[in-house]
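Enquirer: only geometry, no sequence info:
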């Protein structure tokens, strides 16, 4: 079992930046594909970005490309989401998740961290 805990959310003005962290325990994340999702009020949870276990392969949702960057530090068992040029529509609860391979669904989830962007 992998336990994931997100942190770094908060209230920020439009145009500002935040860095979310997701710390893992229970197992090393080094062999897991990991990702970030978000859920806005009244909407379904949506994929934001993911990164391969080696960090060589990354994918970002089109609407966040150039503004958000996913990264990982396997030595610290932590993944990050650097969010720049934030917009009010980025307001959501952000979740990190892990899966053993890209062919499998994300099986391990954190509890989420709130990001609120004011206009």
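Expert: Cool, the structure landed. Keep in mind that what you see is a predicted model, and the values were worked out from it rather than measured.
Enquirer: For the chain, which element, helix or strand, carries the lowest mean pLDDT?
Expert: Least confident helix or strand of the chain, by mean pLDDT, DSSP states H and E, is strand 58-60 with a mean of 88.
Enquirer: Just list whatever residues bridge to the residue nearest the centre of the chain.
Expert: The centroid of the chain falls nearest to residue 36 when counting by C-alpha atoms, centre = their mean (2.7 Å). As for beta bridges, residue 36 partners with residue 49, residue 96 under DSSP bridges.
Enquirer: re the thing from before, how far off centre is the least confident helix or strand of the chain?
Expert: Centroid separation for strand 58-60 versus its chain: 11 Å, with C-alpha atoms, centre = their mean, to the nearest Å.
Enquirer: Give the buried residues for it.
Expert: The neighbour-count check on strand 58-60 (16 or more other C-beta atoms under 10 Å) flags residue 60 as buried. In this view, the C-beta of every residue, glycine as well, is placed from N, C-alpha and C.
Enquirer: before we move on, the earlier item: could you check how far the residue nearest to the centre of the chain is from residue 91?
Expert: Distance, residue 36 to residue 91, by C-beta to C-beta, to the nearest Å: 15 Å.
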